[in-house]
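K.L.:
I would like the atomic coordinates for the input below:
(one chain, ligands or ions: 1)
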Amino acid sequence: MKPYLDLLPSPVLVTDASGHIKEANLDLLALVGGDTSSWAGRYIDTLMPGSSRIFLQTHVWPMMLRHRMVQEMYLHLNTHNQEQVPVMVNARHGLWNEQECIFWVFYVARERSRFEAELLEARARAQRLASELSLANAELRTLHAQLAQRTEFVESQNRELSTLSETDPLTRLGNRRALERAVAHWQSQAPIGTPAALMMVDVDHFKRVNDTHGHDEGDRVLQQLAQQLQASRRGSDLVVRYGGEEFAIWLPGATPDGARSVATRAHAMVKKVLVDQKPITVSIGVVCAQHTLHKERDMVFLSRLLHQADLALYRAKAAGRDRTEWHTSSVGLS
Ligand SMILES: Nc1nc2c(ncn2[C@@H]2O[C@H](COP(=O)(O)OP(=O)(O)OP(=O)(O)O)[C@@H](O)[C@H]2O)c(=O)[nH]1
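P.N.:
Residues are numbered from 1 along each chain as shown. Now for the predicted structure:
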């Protein structure tokens with residue numbers, strides 16, 4: 001039967017049931033060297049290095065005893081040129097010349113081992129890259145959080161600055177810039193034809209308060225006047241300290257009647273502020289307007305309102321103070 005063994009395209013070995021070599025085909029001899037007679041009678045593990053011998057004893061033989069066959073066992077064979085070649089082994093009990101024996105078929109797995117080593121290396125590399133990537137991601141998230149924090153800080157500083165730049169420190173009312181912003185906003189939002197009014201409110205004989213009672217008392221009066229003017233406005237109106245002892249009230253959407261009642265209320269409210277038991281009075285100049293302007297004329301619109309409200313205020317002063325005068329024609333461009 002030996003010629004048949006030589007025809008098989010893999011190294012093949014035949015041992016007796018306890019592992020002593022009986023036959024080896026040409027492929028096996030080409031691998032391990034020698035001829036059949038030089039191997040005959042030797043124990044199978046003499047073909048293998050130490051580690052494979054241990055594996056053979058502890059794993060392969062117990063499996064053979066239990067199942068009478070093994071499949072895909074991974075061993076090494078010593079080659080004729082002192083190398084150790086990795087092999088896969090299938091083995092099975094059978095009859096050889098009517099005697100119980102074991103057929104061992106080896107499959108040389110050099111390439112497979114190389115692929116496995118390469119795969120392991122590639123997997124280790126991928127794991128290294130993944131952990132580097134996750135570190136970089138964590139760093140990126142930290143930087144992102146820091147950036148968001150700083151942006152929020154800068155934005156809140158900007159908001160604070162912008163509020164401060166539009167606030168009068170003495171009365172905590174808005175200032176001229178706040179008025180400009182409110183009017184520009186109204187012009188960009190309100191439909192054409194919407195009415196509005198602007199009032200200039202000037203304290204009467206305020207210089208006397210300062211001269212008689214001192215600047216601090218003057219400041220206190222200005223603060224109280226600011227509160228009373230705030231109390232006389234409607235919800236959508238804006239009271240600002242325009243400068244010195246002059247206030248402005250912007251009344252978006254106000255008709256002449258609406259503006260009149262605000263002015264009347266303002267005259268009454270400011271009289272609650274007393275100096276030497278005497279009520280403070282104000283003079284008021286009012287101009288009514290309609291939204292007919294194109295946006296590029298914003299500043300002209302407000303300048304004209306201010307100018308005409310000032311003219312009316314001047315007339316109120318000239319006519320004896322503590323009164324409201326109106327600018328006769330409404331402001332607007334068609
Ligand atoms: N205490 C105080 N006084 C101010 C402030 N700003 C302006 N004044 C004073 O306001 C006074 C304004 O005086 P005038 O412009 O002569 O006007 P007036 O005395 O109110 O007289 P009429 O407007 O004509 O009724 C001046 O004495 C300014 O010094 C301020 O912030 N605090």
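K.L.:
can I assume Ala197 sits in a strand?
P.N.:
Yes. Ala197: assigned to a strand according to DSSP: H, G, I helix; E, B strand; the rest coil.
K.L.:
which residues pair with it across the strands?
P.N.:
Leu251, Cys288 (DSSP bridges).
K.L.:
same thing with the one 5 residues further on?
P.N.:
The residues paired with Asp202 through beta bridges, assigned by DSSP bridges, are Glu246, Ser283.
K.L.:
Counting neighbours, what do you get for it?
P.N.:
21 (other C-beta atoms under 10 Å). From N, CA and C alone the C-beta is placed, and that goes for glycine too.
K.L.:
Look up how far the ligand lies from it.
P.N.:
Distance, Asp202 to the ligand, using C-beta to the nearest ligand atom, to the nearest Å: 5 Å.
K.L.:
cool, Leu119 as well?
P.N.:
The gap separating Leu119 from the ligand is 83 Å, by C-beta to the nearest ligand atom.
K.L.:
burial measure for that residue, as a count.
P.N.:
Count around Leu119 with other C-beta under 10 Å applied: 10.
K.L.:
can you confirm it is in a helix?
P.N.:
Yes. Membership of Leu119 in a helix is supported by three-state DSSP.
K.L.:
what mean pLDDT does stretch 188-199 have?
P.N.:
When pLDDT is averaged along stretch 188-199, the result is 91.
K.L.:
again with stretch 69-78
P.N.:
Here the average pLDDT along stretch 69-78 is 95.
K.L.:
do stretch 282-291 as well
P.N.:
Regarding stretch 282-291, the rounded mean pLDDT is 94.
K.L.:
next one: stretch 223-243
P.N.:
96.
K.L.:
and that stretch with the ligand, contact?
P.N.:
No. Shown here: stretch 223-243 not in contact with the ligand (C-beta under 6 Å from any ligand atom), separated by at least 7.6 Å.
K.L.:
in that stretch, what counts as buried?
P.N.:
For stretch 223-243, a neighbour-count test (16 or more other C-beta atoms under 10 Å) marks 224-230, 232-233, 237-242 as buried.
K.L.:
same check, this time on stretch 16-23
P.N.:
If you call a residue buried by 16+ other C-beta under 10 Å, then stretch 16-23 has these buried ones: 19-23.
K.L.:
So which residues make contact with that stretch?
P.N.:
Applying C-beta atoms under 8 Å, 6 or more residues apart in numbering, the contact partners of stretch 16-23 are 2, 5, 13-15, 36, 39-45, 61, 93, 96, 99-102.
K.L.:
so which of the buried residues of stretch 16-23 comes closest to Phe206?
P.N.:
Phe206 lies nearest to Gly19 out of these, by C-beta to C-beta, at 121.3 Å.
K.L.:
picking up where we left off before, now tabulate the buried residues of stretch 16-23 in a markdown table and tack on distance to the ligand.
P.N.:
Below are the buried residues of stretch 16-23 laid out as a markdown table (distance: C-beta to the nearest ligand atom, whole Å):
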| residue | distance to the ligand |
| --- | --- |
| Gly19 | 113 |
| His20 | 118 |
| Ile21 | 117 |
| Lys22 | 120 |
| Glu23 | 119 |
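K.L.:
Which part of this structure gets nearest to the ligand, residue-wise?
P.N.:
Gly218 (2.5 Å; C-beta to the nearest ligand atom).
K.L.:
Who are the contact partners of that residue?
P.N.:
206, 209-210.
K.L.:
from those residues, which ones fall inside helices?
P.N.:
206, 209-210 (DSSP state H).
K.L.:
so which of these are also by the ligand?
P.N.:
Among the ones in helices among the contacts of Gly218, the ligand is touched by 206, 210 when using C-beta under 6 Å from any ligand atom.
K.L.:
Would you point out which residue is most central in this structure?
P.N.:
Geometric centre of the chain, nearest residue: His144, 6.7 Å, by C-alpha atoms, centre = their mean.
K.L.:
any idea which element it lies in?
P.N.:
helix 110-165 (DSSP states H and E).
K.L.:
What distance do you get for the closest residue to Tyr74 other than its chain neighbours to Leu65?
P.N.:
Distance criterion C-beta to C-beta, 6 or more residues apart in numbering; nearest residue to Tyr74, sequence neighbours excluded, is Met88 at 6.2 Å. Going from Met88 to Leu65 by C-beta to C-beta, to the nearest Å gives 21 Å.
K.L.:
out of those two, which sits in the busier spot?
P.N.:
Taking neighbours as other C-beta under 10 Å, Met88 and Leu65 compare with Met88 leading, 16 against 9.
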